[in-house]
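Asker: I'd like to go over a predicted model; first the sequence, then the structure.
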Amino acid sequence: MQRFVRVITDDLADKELEYVIPGDWASKIEVGSRVKVPLRSRDLLATVVALSDQATVEGARPVTAIVSPSPVLSPALLELVRWMSDYYCCSLGVALRAAIPQVIRRAEVGFKRERYVEPILNVAPDELETLRRRSPRQAAVYDWLCGVQRHPTRWADARAGAGTTDRTLQQLVERGLVKVSVLNTGRDPYGGEKFVPSQPLALNDEQQSALQMVVSLIQERNPQPVLLHGVTGSGKTEVYLQAIRRCLEHNRGALILVPEITLTPQTVERFKMRFGAETVAVLHSHLSAGERHDEWHKLRDRRASVAIGARSAVFAPVPNLGLIVVDEEHENSYKQEEAPCYHARDLAVVRARFEKCAVLLGSATPSMESYQNAHSGKYRLARLQARVDDRGMPLMRVVDLRQEFLKQKALPIISTRLSLAIEERLQRKEQAILFLNRRGFASSLVCNACGYVCECPNCSVALTYHLEENRIKCHLCGHAAVAPNKCPQCADPGIRYAGYGTEKVEGAVRKLFPHAVIARMDADTMTRKDAYRETLTSFRTGKIDILIGTQMIAKGLDFPNVTVVGIINADVGLHIPDFRAGERTFQLLTQVAGRAGRGDLAGEVFVQSSTPFSPSIQFARHHDYVGFWEQESEFRERCDYPPFVHFILIHVRSEHQGRAELSAETLHRRLREGLDPSVTLHAVVPAPIARTKGSYRFHILLRSRAILRLSRQIKAAIEKITFPEDVHVGVDVDPYQLL
Ligand code: ADP
Ligand code: ZN
């Protein structure tokens, strides 16, 4: 008899605690159940992680309540949580909290219950006769209910459908002709939409062999990852769809991860059209708590077997998992920036091991990490080298901004060549996308006389000027102030705007093309919930000629009529102190370029740059991923950078500079004591952005070939030190954010 449970409480603790199961509850509690347990004087929510028939401690107290008996976590997911806590150096409680959505943990939101009506069929004929004579209106409603639906119909739908009133329905209930019941109603975020079924396409040879590779791994339950390197528009999604179909045919489920930004209605639609709306559950951050509750339950209760979602969907409770797909696996948004700082792609690979299922990583520009793994044979590699239907790759033209500067005596936002190309395309009723990964009007306000730069009072970065609001804003902490019209330091009126953002690009484009319809998509214009969807729809239907935007428009969007893409300044993001700058620029250029010429029309891409010979620009121009990878790989290996070593970055921050630095130094000393000689421990340094949101930040970087042991050592070292209350210490394993 299982008399004892071990639980992890929701207060983020790192310990498992033991409790006694009161006698008659034993059959209701299993691993993954949610319970309430007493801790000191409080009752805490907790997740059961083990059962046993013997106590390991004395005097264990009893469980006080069962919150949800059906497990919220499968054994495989529990293993993943333990692994995550170990690898990412976080407590079990923190890891568990990431794995179970809040709405499920708290169990405060339940199913939505609604009244349903249903006609009672075996009614004596003369009773109906009487009804028809005396109350023809009620009779009509009764007939409508019999005719339309043999199943229960929602009260409100019946009222609207039969064109009647609450009163008439109520009278039918009182007569005993209609039965009322209260049932669960699904809150379907895509409820009102119709999905036209789609059929599998005939695959080309490359797609066919990629599919074959994945299908055999699904059948073997082999978790060796497959990297699908397919150029933009090569039909990767069709391969995912057909591999998922095979899973479903064998009664197994599938999980598809996409970056949040590409989780557009368009993407969801492709999956719902192929597998039916009911089969596919969608998980993302814009769902209401109720919708999230229902979508999660659809999977856990086996009413849906395909999950599609962003980062945190890696924990989706898909039954009998057969395949995990990570689309755009190189995307940084898979990395969570607060604890637990997990990478959803890496967790997907680990989850596949615990689930014994296949895992497919797809990208046009694989991350250095994944391609290295394919190169070394740890992953299998499948390639799609041609766009479907042999559409050509877009022509890439590099515009040297230095030459433009010499010619025009000023740095243009839109070069003559780009402007001419847009002009020509607009005349043919084609569309253009202009991309700049920096929002706002000017990237800083600088005084001509004394050189003063308007900086954020809380962060060590320059404030960005926003023209429309005439304000200067911090893009890190949100600080905003009215823009000064003279220098705050020397009172010179010659304060000017340096650099530019999307807002200024919009102004310049409006001047150049006064008759074009222009829209801008960035965090400033997309503040309303539906703005993103509306703008994309207008663009797709041709109501917008030129779309200007930040990375929001770079990813996975398919616009057949776009034939010219302008990258306004490829140098933004290239010359920053981050070893991934080159990789990111190459990915971004390739992805943005992939938006051009996806239809029957040939596309042209203009890359404007003041450093046109940077390798990331040159390799992107020639669509040469492997060339880029080889060169970048050599650089990474020479410098001992990932993927050849792992980084662990420890952040120490406080509003008191001295206390932050001192705490970092103390931790550094403690770390030095027990480290393996193969681990490199770097000195405490101020972070490249030394101050954000009023806190001073210090970094400690470690490099190692293996993580698990080091991660445990770091955890132990941090636990042994009592840091001042205002000092915050965070550990980021395999960090992406080095600033
Ligand atoms: P990717 O995900 O690689 O960028 P998609 O899967 O979006 O590419 O495919 C691009 C377009 O090509 C889509 O409209 C898709 O329906 C179409 N497509 C994919 N595979 C085939 C095929 N085998 N035959 C014809 N069209 C295809
Ligand atoms: Zn700030």
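Answerer: That came in fine, so what should we check first? Note that the coordinates shown come from a computational prediction; the quantities given were computed from them, not determined experimentally. Ligands and ions are numbered 1, 2, ... in the order given.
Asker: where along the stretch 401-550 of the chain do the helices fall?
Answerer: For the stretch 401-550 of the chain, helices defined by DSSP state H, counting those that start in this stretch occupy the ranges 401-408, 416-427, 502-512, 531-540.
Asker: if you compare those, which one is most tucked away?
Answerer: Mean neighbours per residue, mean count of other Cβ atoms under 10 Å, is largest over these for helix 502-512, with a mean of 20. For glycine as for every other residue, the C-beta is placed from the backbone atoms N, C-alpha and C.
Asker: and of the helices of the stretch 401-550 of the chain, who's closest to ligand 2?
Answerer: Among the helices of the stretch 401-550 of the chain, the nearest to ligand 2 by Cβ to the ion is helix 502-512 (18.8 Å).
Asker: Can you name the residues in contact with that closest one?
Answerer: Helix 502-512 is contacted from outside by 413-414, 419, 422, 434, 436, 438-442, 466-468, 497, 516, 518, 520, 522, 524, 546, 548-550, 568, using Cβ atoms under 8 Å, 6 or more residues apart in numbering.
Asker: before we move on, the earlier item: pipe the helices of the stretch 401-550 of the chain into CSV and attach mean pLDDT per row.
Answerer: Shown next, in CSV, are the helices of the stretch 401-550 of the chain (pLDDT from 0 to 100):
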stretch, mean pLDDT
helix 401-408, 84
helix 416-427, 94
helix 502-512, 92
helix 531-540, 86
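Asker: Please name whichever of those is nearest to Q631.
Answerer: For Q631, the closest of those is helix 401-408, at 23.3 Å, according to Cβ to Cβ.
Asker: which residues touch I120?
Answerer: Counted by Cβ under 8 Å, 6+ apart, I120 has contacts 176-179.
Asker: I figured V178 hits L169, correct?
Answerer: Yes - using Cβ atoms under 8 Å as the test, V178 is close enough to L169 to be in contact (6.8 Å).
Asker: shared neighbours, these two?
Answerer: Common neighbours of V178 and L169 (Cβ under 8 Å, 6+ apart) are V117.
Asker: one step back: need the helices of the stretch 401-550 of the chain in CSV (columns: distance to ligand 2).
Answerer: Below are those laid out as CSV (distance: least, Cβ to the ion, whole Å):
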stretch, distance to ligand 2
helix 401-408, 29
helix 416-427, 33
helix 502-512, 19
helix 531-540, 25
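Asker: Within range of ligand 1, give me the residues from the stretch 351-500 of the chain.
Answerer: For the stretch 351-500 of the chain, the residues in contact with ligand 1 (Cβ under 6 Å from any ligand atom) are V388.
Asker: near ligand 2, which residues of the stretch 351-500 of the chain?
Answerer: 456, 458-459, 474, 476-477, 479 (Cβ under 5 Å from the ion).
Asker: Can I get those in JSON lines including pLDDT, neighbour count and distance to N485?
Answerer: Below are those laid out as JSON lines (pLDDT from 0 to 100; neighbours: other Cβ atoms under 10 Å; distance: Cβ to Cβ, whole Å):
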{"residue": "C456", "pLDDT": "83", "neighbour count": "24", "distance to N485": "19"}
{"residue": "N458", "pLDDT": "83", "neighbour count": "17", "distance to N485": "23"}
{"residue": "C459", "pLDDT": "79", "neighbour count": "21", "distance to N485": "23"}
{"residue": "C474", "pLDDT": "83", "neighbour count": "21", "distance to N485": "20"}
{"residue": "L476", "pLDDT": "78", "neighbour count": "16", "distance to N485": "25"}
{"residue": "C477", "pLDDT": "77", "neighbour count": "17", "distance to N485": "24"}
{"residue": "H479", "pLDDT": "86", "neighbour count": "16", "distance to N485": "19"}
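Asker: Out of the residues you listed, which is nearest to H375?
Answerer: Using Cβ to Cβ, those come closest to H375 at L476, 36.7 Å.
Asker: Give me the below-cutoff pLDDT ranges for the stretch 251-400 of the chain.
Answerer: 261-263 (pLDDT under 70).
Asker: Walking through it, point out its helices one by one.
Answerer: Going by DSSP H, counting those that start in this stretch, the stretch 251-400 of the chain shows helices at 265-275, 289-300, 344-355, 368-375.
Asker: Output the contacting helices and strands for the third one.
Answerer: With contacts taken as 3 or more Cβ pairs under 8 Å, 6 or more residues apart in numbering; DSSP states H and E, helix 344-355 sits against helix 75-87, strand 253-257, strand 321-327, strand 358-363.
Asker: ok, and what's touching that helix?
Answerer: 76-77, 79-80, 83-84, 223, 225, 255, 257, 311-314, 321, 324, 326, 329, 334-336, 358-359, 361, 367, 370, 734.
Asker: Compute the inter-axis angle for that helix and helix 75-87.
Answerer: 130 degrees (axes from the mean of the first three to the mean of the last three Cα atoms, to 10 degrees).
Asker: quick check: angle from helix 344-355 to strand 321-327?
Answerer: 170 degrees.
Asker: And the second one, by the same measure?
Answerer: Following the same axes, to 10 degrees, one obtains 130 degrees for the angle between helix 289-300 and strand 321-327.
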